[in-house]
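everything below, folded, please.
(chains A and B, ligands or ions: 3)
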Amino acid sequence: MLRQLEGSRAVAETVARCRPAVVAAYPISPQTHIVEALADLVTAGELASCEYLMVESEFGAMSACIGASAAGARAYTASASQGLLFMAEALPNASGLSLPIVMTVANRALGAPINIWNDHSDALSQRDAGWVQLFAASNQEAVDLHVQAFALAERLSLPVMVNMDGFVLTHAMEEVDVPEQDDVDAFLPPFQPRQWLDPDDPVTIGAMVGPGAFTEVKYLMADRQIRALDTVTEVAAEFRAAFGRDSGGLVRPYRTDDAEVVLVAMGSTLGSATDVVDDLRAEGVAVGLLGIGCYRPWPYDEVRAVLGGVPRVVVVNRAIAVGAGSVLGRDVRLSLPGGTTVVHDVVLGLGGRPVTRAGLRELVLDVLAGQVPDETLHFADLDREAVHRELAREAALEEAAR
Amino acid sequence: MTTTLYQIGTFAAGNRLLAPEQRAVQSSTERGNAITSGHRACRGCGEALAARVVLDAASRASSGRMVTVNATGCLEVFSTPYPESAWQVPWLHSLFGNAAAVASGVSAALRATGRDDIRVVAQAGDGGTVDIGMGCLSGMFERNDDVLFVCYDNQGYMNTGVQRSGATPPAASTATTRPVGTSVGNAFGTGKSLPLIAMAHEIPYVATATVADLHDLEAKVVTAMSMHGARYIHVLVPCPLGWGSASAETIRVARLAVQSGLFPVFEAREGAVTAAMTIRAQVPVEDYLRPQTRFDHLFRGDGRPDVVAALQERADRNIARFGLLAEQPDNPPDGRPQDPAPLEKETP
Ligand SMILES: Cc1ncc(C[n+]2csc(CCOP(=O)(O)OP(=O)(O)O)c2C)c(N)n1
Ligand code: SF4
Ligand SMILES: [Mg+2]
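Numbering: from 1, shown residues only, chains lettered A, B, ... in the order given. Ligands and ions are numbered 1, 2, ... in the order given. So this is what the prediction gives:
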């Protein structure tokens, strides 16, 4: 049933229908509405046998989820930005211990300067933490991805992060269909842990592994991540069959056939980008779009299959690797070895600066007009004047100090 | 005058003069043996001994329905060199600073899934408790989660090579507080008593103990396991490697810590002290300090009588604060908690 709902509320109701046994969370904008709504649902008794732990920090939240999951319970948390970093030590621990925890990240910039608005710096800073990372393009997809995330996590025994753009999605009122309880129950069987802390069959979890076996453990972890690519596809297909909606999956190509230039993006940008592609196509510009739905594991083959023969690719980066370039762009480049495709690495929409249709349209046209470099990171929405002023001031200070 | 026969010594395993129900878990051939031999602890490790006693007692008290969460530290490292494990109980190690939160998660999971007959015991060293683990621990206390948290206090970061922790006593030499130049070793700070901090949370049960009295330690674990909510036991465990004491002296050194007054042994409920183990004859702190090379610099050459006196002052203050001296000849001696009037909490 379609209802007009805030994104956070829709996600909270969906998570509740996935019947987590333990929710542990600590508030941070823009995740707060999700955990507030969940607290209401638990307090009102709408979530039978669920323990809501109001922990003292995000580190505590992830740690409680680790304990809960190892004790054989379905565990959930949500965070963003500084909160995600505050739990950073526990993230590879959860994946290393193979614990199928599900976490929503309401994507937000990283400080300093402190900034509560949307970009992808938080999630991408944890790209190597061993978590499956999914990105939602809309609130409907965010809802659907949560149902898929629990199924994925438990099938793989791996933690899954569902990314949804802070404010842009979390605080947007939209028509959303929250899957019915019966349908979720049919899709998502009760959690069967691979192993748990059973007093009748004691196990040691989290032993010290030295050089004798560490590489092998890591290899198996990496291998499982790569195999997760198939499971992501599989679960999305099953979801389509059960709910009749196309959500999730690895990549989402849109009008990429015979394209001169293809935009690559993740998250809510895909909405505006789709419109821009339609507009430009109507004007005769051969442009397409590749949405990345699954950022980790990285879908090399699928990205190559779409972008392989394309003359120009424009990667919309909503995070930067300071001192090195881009994050998403590097993965795209690695997927295109030895080809002729030119990759333009573009930074757009940091710290909540809006990614607009007009901005994306201009970007595509600039690329086609040869005005965007392909060697260096290009800041498309930068106030160049302000930056030059500051650089000149700094240079003058240095000069004076000499 | 009635003469009471007291057992002296350590109330060691198998004390046949005690009634069967008072005997140590360790005296029973049926004991669970939560941690088996073959682990890699140093000879005379107080932490290994305490962990065995604590978990065997907790295991028996819960009829084997128990899960253990362990912080990073010596205990974790020496007990689980993959592919071996010394643990006979379900055991989870996650990180250094999160044992309390992990245990809260385990406890919540067991409650949510209707398995709350299974009890949760978390354990950590002093570093994992009083320093890096304090945020999560305080949260666990404040929520009154159903977890028994045990701190094995060897007064330093032993696993990483004996650096100073927030529980290292003043004047102790550690790898980061060497008595070089004018330094007397670790600084005389204000100290950090986790038992008192735990009491400030008014949790149901707080106790301190040492490996000098294993029967007392067991009894406190059994008491704690008979209760629900957040419970905390702080056990002083000498570390021969870090303290520079002889392996064979672990028990004696722990006993001297108590008898000098430097380590008060007491119990508290809901924020008030309810019992303290009295000292029959206070020994000078010097007797405790001398067998440990970490205090050698206080006695070399002319020595540092001023520093020893300052430590003696700390011991005397504990004795006054917790009423540790058995004033009456009839008072029960070491090893028998008596019931003094509850102490008023000191307001800062
Ligand atoms: C976040 C983090 N910081 C530092 C360490 C390094 N480290 C591991 S064990 C340890 C000391 C443990 O001290 P304590 O908790 O007192 O236990 P002990 O080894 O003395 O029994 C340290 C500093 C770590 N593992 N994790
Ligand atoms: S260093 Fe100390 S605590 Fe660690 S195993 Fe050796 S004696 Fe025990
Ligand atoms: Mg220690």
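
ok, then the element right after the host helix or strand of B:L217?
Assessed by DSSP states H and E, B:L217 sits inside helix B:214-225. On the C-terminal side of helix B:214-225, the closest following helix or strand by DSSP H and E is strand B:231-236.

what's next to that next one, contact-wise?
The contact list for strand B:231-236, computed with C-beta atoms under 8 Å, 6 or more residues apart in numbering or on different chains, reads B:46, B:50, B:54, B:129, B:141, B:147-153, B:194-195, B:198, B:203-211, B:217, B:220-221, B:224, B:254, B:257-258, B:263. The C-beta positions use only the backbone N, C-alpha and C, and glycine is treated the same way.

output the lowest mean pLDDT helix or strand found in chain B.
strand B:337-338 (a mean of 46; mean pLDDT, DSSP states H and E).

is any residue of the helix holding B:L217 near chain A?
No - contact of helix B:214-225 with chain A is not found when judged by C-beta under 8 Å from any C-beta of the partner chain; the minimum separation is 14.1 Å.

which part of chain A gets nearest to chain B, residue-wise?
Closest residue of chain A to chain B, C-beta to the nearest C-beta: A:G67 (2.8 Å).

helix/strand/coil for that residue?
Following DSSP: H, G, I helix; E, B strand; the rest coil, A:G67 is assigned to helix.

ok, now the one 10 residues further on?
Classification of A:T77 by three-state DSSP places it in strand.

what is the burial count for it?
Other residues lying near A:T77 total 30 when counted by other C-beta atoms under 10 Å in any protein chain shown.

so for it, what's the pLDDT?
If you check A:T77, the pLDDT there is 98.

what does the one 10 residues further on give?
In the prediction, the pLDDT value recorded for A:M87 is 98.

verify the stated contact: it with A:A61.
Yes - here A:M87 lies in contact with A:A61, judged by C-beta atoms under 8 Å, at a distance of 6.4 Å.

hey, what's in contact with both of the two?
Applying C-beta under 8 Å, 6+ apart, one finds that A:M87 and A:A61 are jointly contacted by A:S79.

contacts for stretch A:14-21?
Surrounding stretch A:14-21, the residues in contact under the criterion C-beta under 8 Å, 6+ apart are A:23, A:34, A:38, A:41, A:46-51, A:68, A:73-76, A:102, A:104, A:143, A:146-147, A:150, A:178-181, A:184-185, A:188, A:190-191, B:108-109, B:112-113.

make it 6 Å
Outside stretch A:14-21, the residues within contact range by C-beta atoms under 6 Å, 6 or more residues apart in numbering or on different chains are A:41, A:47, A:50, A:73-74, A:76, A:143, A:146, A:150, A:178, A:181, A:184, A:188, B:109, B:112-113.

state the distance from the closest residue to ligand 1 within the stretch 201-350 of chain A to B:E202.
When scored by C-beta to the nearest ligand atom, the stretch 201-350 of chain A has A:M208 as its residue closest to ligand 1, at 10.7 Å. To B:E202, A:M208 is 37 Å away according to C-beta to C-beta, to the nearest Å.

could you do B:G166 as well?
22 Å.

what residue in the stretch 101-250 of chain B comes nearest to chain A?
Nearest residue of the stretch 101-250 of chain B to chain A, counting by C-beta to the nearest C-beta: B:G105, 2.8 Å away.

helix/strand/coil for that residue?
helix.

in contact with the nearest residue to it once chain neighbours are set aside, which residues?
Among residues not flanking B:G105 along the chain, A:G67 sits closest, at 2.8 Å (C-beta to C-beta, 6 or more residues apart in numbering or on different chains). By C-beta under 6 Å, 6+ apart, the residues touching A:G67 are B:V102, B:G105, B:V106.

and for A:V22?
Taking C-beta under 6 Å, 6+ apart, we find A:V22 in contact with A:E51, A:A68, A:A73, A:A75, B:A108, B:A109, B:A112.

the fifth one - nearest residue in space that isn't next to it in sequence?
The reference is to B:A108. Once chain neighbours are set aside, the closest to B:A108 by C-beta to C-beta, 6+ apart is A:E51, at 3.8 Å.

close to ligand 1, is the host helix or strand of A:L91?
Of the helices and strands defined by DSSP H and E, A:L91 is found in helix A:90-96. No - among the residues of helix A:90-96, none lie within reach of ligand 1 under C-beta under 6 Å from any ligand atom; the closest is 10.3 Å away.

name every strand pairing with the next helix or strand after that helix and say which way it goes.
Along the chain past helix A:90-96, the next helix or strand (assigned with DSSP H and E) turns out to be strand A:102-107. Applying DSSP bridges to the sheet, strand A:102-107 is found paired with strand A:75-79 (parallel), strand A:160-165 (parallel).

pull the residues that contact strand A:102-107.
Contacts to strand A:102-107, defined as C-beta under 6 Å, 6+ apart, come from residues A:30-31, A:34, A:76-78, A:80, A:84, A:118, A:120, A:122-123, A:149-150, A:153, A:160-163, A:165-166, A:170.

and if you look at stretch A:120-127?
Surrounding stretch A:120-127, the residues in contact under the criterion C-beta under 6 Å, 6+ apart are A:81, A:84, A:91, A:105, A:107-110, A:163, A:296, A:318-319, A:327.

got the CA coordinates for that stretch in PDB?
Extracted C-alpha coordinates of stretch A:120-127, given in PDB (Å, rounded to 0.1, in the frame of the first residue of the first chain):
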ATOM      1  CA  HIS A 120      29.300   9.800   0.700                       C
ATOM      2  CA  SER A 121      32.600  10.400   2.700                       C
ATOM      3  CA  ASP A 122      31.400   8.400   5.700                       C
ATOM      4  CA  ALA A 123      30.500   5.100   3.900                       C
ATOM      5  CA  LEU A 124      33.400   5.300   1.500                       C
ATOM      6  CA  SER A 125      35.900   5.800   4.300                       C
ATOM      7  CA  GLN A 126      34.900   2.300   5.400                       C
ATOM      8  CA  ARG A 127      35.100   0.700   2.000                       C
END
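
buried stuff in stretch B:289-308?
Buried residues in stretch B:289-308, counted by 16 or more other C-beta atoms under 10 Å in any protein chain shown: B:L289, B:R290, B:P291, B:Q292, B:R294, B:F295, B:H297, B:L298, B:R304, B:V307, B:V308.

nearest residue to the first one in space, please, no chain neighbours.
Taking C-beta to C-beta, 6+ apart, and ignoring the residues beside it in sequence, B:L289 has B:F295 as its nearest neighbour in space, at 4.1 Å.

for A:G212, grab the count of nearby residues.
Residues within reach of A:G212, counting by other C-beta under 10 Å, total 10.

one more: the one 3 residues further on?
Other residues within reach of A:T215 by the criterion other C-beta under 10 Å amount to 10.

quick one, grab the pLDDT at it.
97.
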